[in-house]
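> Return a 3D structure for these sequence lines:
(chains A and B)
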There are 2 protein chains.
Amino acid sequence: MNVLIIGAHGQIGQHLVDELKNDKKHTPIAFVRKEEQVKEFEEKDVKARLGNLEDSVDEIKKRMTDIDAVVFTAGSGGSTGADKTLLIDLDGAVKAVEAAKASGIDRFVMVSAFGADDRDRWNDELKSYYVAKHFADMWLMDSKLNYTIVRPGMLENKDSIGKVLIKDVIEESDVFSIPRIDVAKVLTEALDNEKTYHKSFDLVTGEDSVSDALNKL
Amino acid sequence: MNVLIIGAHGQIGQHLVDELKNDKKHTPIAFVRKEEQVKEFEEKDVKARLGNLEDSVDEIKKRMTDIDAVVFTAGSGGSTGADKTLLIDLDGAVKAVEAAKASGIDRFVMVSAFGADDRDRWNDELKSYYVAKHFADMWLMDSKLNYTIVRPGMLENKDSIGKVLIKDVIEESDVFSIPRIDVAKVLTEALDNEKTYHKSFDLVTGEDSVSDALNKL
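Below you'll find the model as predicted:
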């Protein structure tokens, strides 16, 4: 199963490439913005395609030949301002959904943000970011693709804990954070797990193994 | 017919209040953000309600009692940055649509932007603005409300010319601009004109009277 990772050079993206490479069931294919990132992946024996979410749907579609599933984990990042948030996190995501649809790719896994589903849960300081994520998620849900939307809590660069809490909406929990590598593990297992089809859920560190948590959905 | 004008204190909004006041068929009700704007309208015998598009759908809904139609002509303006574009032009518009729906108001007229329907028509420098307008329009079209989406060309502060060109998509025209007052005249006539129901169209100065142009839709 060839999995196109949009945002493969990002922090979650790099973990996801490694996870997919190791699980033997999937072949990760990195969708990256810079020539040197293509080289970097190729040196690690990972296929990579040069593409830009600011391009047209047609251009993005050209990077989707022979792809069975797409994981969207791109983000404009905190330093670029709301302008890029609109162009990448919202319109870029929607164009990726449209390109997948036009390519006949049915499976689409989106990395969203904790609380993006509900305005009452939006952090005041990040409100415009949540608007972008919210509408991208809504678009995907409306797209007829077989989607899974993963909304992780506060992302940390820690070693894997490997235990998670997964629920439609997490209101109570001892922790509201999760290591990025554990998000990648959830994405990897979610790809083929039917329990995650046409679902969106919150994700933080918890007490279940990844498979147990996903199977409870 | 009570018409709530969201963005009534804006440049198109003020013309629209005057047009509706004069046509005798409609009662304009201004939805404005500041106490002094409420006073300003009341001094001109125009009803006004204090409201904020950054509030919740429920709060916005409270300003929609006894309203028969909504015209959305609010905009965050060029000086506020893309952050407010996301919060007002996109999420604010969508919240207004949701509030109208929740209030049982069926008629919703949106002031959009020339070319907002098609990425190939987006002006590079204003791209993030177009993303916001595009998704707000798509949301409205998907809302099941009786919508009209008006996409005027370059807005000018000139006297009324009173002649317009209206088409699904205007590709060729002698002019691609329009006085703001003429946009207000089109909005006023569009409100009750069945030819505009469930339609979106481009609008610039042209050769037809407003009614003739609308009746050609």
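
> Please count neighbours and contacts with C-alpha atoms only from this point.
Noted.

> any idea how far residue A:177 is from residue A:205?
Distance of residue A:177 to residue A:205, given as Cα to Cα, to the nearest Å: 6 Å.

> right, I mislabeled it, should have said residue A:95
Taken as Cα to Cα, the span from residue A:95 to residue A:205 is 31 Å.

> quick one: pLDDT of residue A:78?
Looking at residue A:78, its pLDDT is 65.

> Centre-most residue in chain A?
Note on chain A: the residue nearest the mean C-alpha position is residue A:111, at 2.9 Å, using Cα atoms, centre = their mean.

> beta partners for it?
Listed beta-bridge partners, residue A:111: residue A:150 (assigned using DSSP bridges).

> So which residues on chain A come close to chain B?
A:81-84, A:86-87, A:91, A:119, A:127-128, A:131-132, A:135 (Cα under 8 Å from any Cα of the partner chain).

> out of the residues you listed, which are inside helices?
If you go by DSSP state H, the residues of chain A next to chain B have A:82, A:83, A:84, A:127, A:128, A:131, A:132, A:135 in helices.

> burial measure for the nearest residue to the last one once chain neighbours are set aside, as a count.
The spatial neighbour of residue A:135 that comes closest, neighbours along the chain excluded (Cα to Cα, 6 or more residues apart in numbering or on different chains), is residue A:90 at 6.8 Å. Neighbouring residues of residue A:90 were enumerated by other Cα atoms under 10 Å in any protein chain shown; the total is 27.

> need the helix or strand of chain A with the lowest average pLDDT.
The weakest-scoring helix or strand in chain A, judged by mean pLDDT, DSSP states H and E, is helix A:82-84 (a mean of 88).

> can you tell me which residues contact the residue lying farthest from the centre of chain A?
The outermost residue of chain A relative to its centre, with distances by Cα atoms, centre = their mean, is residue A:174 at 24.3 Å. The contact partners of residue A:174, taken as Cα atoms under 8 Å, 6 or more residues apart in numbering or on different chains, are residue A:206.

> and with 10 Å instead?
A:204, A:205, A:206 (Cα atoms under 10 Å, 6 or more residues apart in numbering or on different chains).

> now it: how far from residue A:205?
Taken as Cα to Cα, the span from residue A:174 to residue A:205 is 9 Å.

> hey, where'd the helices end up in chain A?
With DSSP H as the criterion, chain A has helices at A:11-23, A:35-43, A:57-62, A:82-84, A:93-102, A:127-141, A:180-190, A:210-215.

> Render the CA-only coordinates of the third one in CSV, please.
What follows is the C-alpha trace of helix A:57-62 in CSV, where atoms were taken according to Å, rounded to 0.1, in the frame of the first residue of the first chain:
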residue,chain,number,x,y,z
VAL,A,57,-5.3,20.9,-7.8
ASP,A,58,-4.1,19.5,-11.1
GLU,A,59,-0.4,19.9,-10.2
ILE,A,60,-1.0,18.3,-6.8
LYS,A,61,-2.9,15.5,-8.6
LYS,A,62,0.2,14.7,-10.7
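
> What are the buried residues along it?
A:57, A:60, A:61 (16 or more other Cα atoms under 10 Å in any protein chain shown).

> Next: the last one.
By neighbour count, with 16+ other Cα under 10 Å as the criterion, the buried positions of helix A:210-215 are A:210, A:213, A:214.

> Format those as CSV; extra columns: pLDDT.
Compiled in CSV, those are given as follows (pLDDT from 0 to 100):
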residue, pLDDT
A:210, 98
A:213, 98
A:214, 98
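
> now, which of those residues sits nearest chain B?
Within the set of the buried residues of helix A:210-215, residue A:214 lies nearest chain B; the separation is 31.3 Å, counting by Cα to the nearest Cα.

> Was I right to think the closest one contacts residue A:166?
Yes: under the criterion of Cα atoms under 10 Å, residue A:214 makes contact with residue A:166 at 6.9 Å.

> intersection of neighbour lists for those two?
Contact criterion Cα under 10 Å, 6+ apart; residues shared by residue A:214 and residue A:166: A:186, A:201, A:208.

> Relative to chain B, which of the buried residues of helix A:57-62 is nearest.
Closest to chain B, out of all of these and judged by Cα to the nearest Cα, is residue A:57, at 9.4 Å.

> Could you check how far that closest one is from residue A:102?
To residue A:102, residue A:57 is 9 Å away according to Cα to Cα.

> for chain A, what are the low-confidence residue spans?
A:78 (pLDDT under 70).

> And for the least confident helix or strand of chain A, what's in contact with it?
Helix A:82-84 has contacts (Cα under 10 Å, 6+ apart) with A:54, A:75-78, A:88-92, A:126, A:128-129, A:132, B:81-86, B:126-129, B:131.
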